[in-house]
Every structure is written in C-alpha cells, then in structure tokens.
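Visitor: the following comprises the amino acid sequence and a computationally predicted model.
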Amino acid sequence: MSNTSMNMGRATFYEDRNFQGRSYECSSDCPDMSSYMSRCQSCRVQSGCFMAYERPNYMGNQYFMRRGEYSDYQSMMGMSDGIRSCRMIPMHRGNFRMRIYERENFGGQMHEMMDDCDSIQERYRMSDCQSCNVMDGHWLMYEQPHFRGRQMYMRPGEYRSFRDMGMGMGGMSGGMRFMSMRRIMDNMTM
C-alpha cells in the first residue's frame, strides 16, 4: 500500500483577477489550461496542494499553492502571463528522504535529508546543489536560503541535472540551483 493519498486536491481557476470570468475546476494534473480558458489570473484552492506553472506542460517558473485564495497571480507570484498548467500534489504519509548532490549526475558532496533545510551552505557547507534523488515524499526546493526565491516541486525520482528541467532562470547561466528545501506536508507553514 502506498503512503501517498491521491484524493486530496480541488482547485478552481479563473480567467480574470478576483475570481471573475470563466472558471475551470481541477482535481488532477492539467498540462495545458488553454483548452479550458484563454488565460488564468486567479484561483481558489478548496483542498489539497497544487503546483502552478507559467507555461504549458509543467514548464517555466513554478508556484506552490495550498488551501486558500489567490486573487491576482501577477502581483502575488510574479507570473507575467498567469498560469498555463498545474499539478495536484498528493499528500505523503510517512518518512521523507532525499539525497542532494553538489554537482550534476550525482557528483560531488552527497547528503541525505529527512527534514527541512533552510540553508545547505550553513548545514552542510555545500555551496551548490545541482542534482538529487527523492526517495520518499514530495519536496519544494528554493533557489535561495531560508525558503525564498523561485521554487521547484520534486516528487519521487532521480533528477540528474536541474539545468535540463525547463526552468526559465533568466541570467543564471549554470541552470537552476537550489539552496534550501522543505517537505510538502498537510500542516506546513509558508
């Protein structure tokens, strides 16, 4: 039996700010919202957690959403075009475990984590994290220490190179790098 519950999420996405215009109710992954609405500028998450993406097929900048109201994506999340795709994040029950690596392809220093880390530099004396292996649970990774900056949702699996994962990082020539990470849990605070 799996430690992950699949029936946990429901969200309603709206074309315009302040929950106006056409709407689309979602309780699973949606790779392209354009088939339901021309744009998406606000959302109500009734239950569960979702990851919102600024481009179709789960690409581009990401933003974590839990139960609550998000009346204006542009001002709250900095997404210029609103949301184009989303993933429902199943709630994991049990232990969390992830190995982080200093370099791509699981190279350099390796540390195994089972809890949140607000700074890999302070905790592990690691200046960079460029690959990881998520063994248990679902995680949020942040580009800056203390859970700040752009985010990326990591579900169980091997991630050999963050550079190849579709993150639009502007001027960062080396691809996406992460400096803090936290477990996605029912009772997490942001």
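Guide: Structure received.

Visitor: partners of the residue nearest the centre of the chain in the sheet?
Guide: Centroid check for the chain by Cα atoms, centre = their mean gives residue 153 as the closest residue, at 2.9 Å. Beta-bridge partners for residue 153, by DSSP bridges, are residue 140.

Visitor: quick one, what contacts it?
Guide: By Cβ atoms under 8 Å, 6 or more residues apart in numbering, the contact list for residue 153 reads 51, 62, 64, 87, 89, 138, 139, 140, 184. For every residue, glycine as well, the C-beta is placed using N, CA and C.

Visitor: how about 7 Å then?
Guide: 51, 62, 87, 89, 140 (Cβ atoms under 7 Å, 6 or more residues apart in numbering).

Visitor: gap between the closest residue to the fourth one other than its chain neighbours and residue 61?
Guide: Distance criterion Cβ to Cβ, 6 or more residues apart in numbering; nearest residue to residue 89, sequence neighbours excluded, is residue 49 at 4.3 Å. With distances taken as Cβ to Cβ, to the nearest Å, residue 49 is found 17 Å from residue 61.

Visitor: same deal with residue 134?
Guide: Here the criterion is Cβ to Cβ. By it, residue 134 lies 20 Å from residue 61.

Visitor: do residue 129 as well
Guide: For residue 129, the distance to residue 61 - Cβ to Cβ - is 18 Å.

Visitor: more neighbours, those two?
Guide: Between residue 129 and residue 61, counting by other Cβ atoms under 10 Å, residue 129 is the more crowded of the two (25 against 19).

Visitor: specify the local secondary structure of that one.
Guide: Look at residue 129: counting by DSSP: H, G, I helix; E, B strand; the rest coil, its state is coil.

Visitor: that one touches residue 103, doesn't it?
Guide: No - taking contacts as Cβ atoms under 7 Å, residue 129 lies outside contact range of residue 103: 9.0 Å.

Visitor: where does the protein dip in pLDDT?
Guide: For the chain, residues meeting the criterion pLDDT under 70 lie at 1-7, 75-81, 165-176, 187-190.

Visitor: quick one, helices of it?
Guide: Ranges of helices within the chain are 73-77, 120-124, based on DSSP state H.

Visitor: switch those helices over to a markdown table; also include mean neighbour count and distance to residue 9.
Guide: Shown next, in a markdown table, are the helices of the chain (neighbours: other Cβ atoms under 10 Å; distance: least, Cβ to Cβ, whole Å):
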| stretch | mean neighbour count | distance to residue 9 |
| --- | --- | --- |
| helix 73-77 | 15 | 18 |
| helix 120-124 | 16 | 29 |
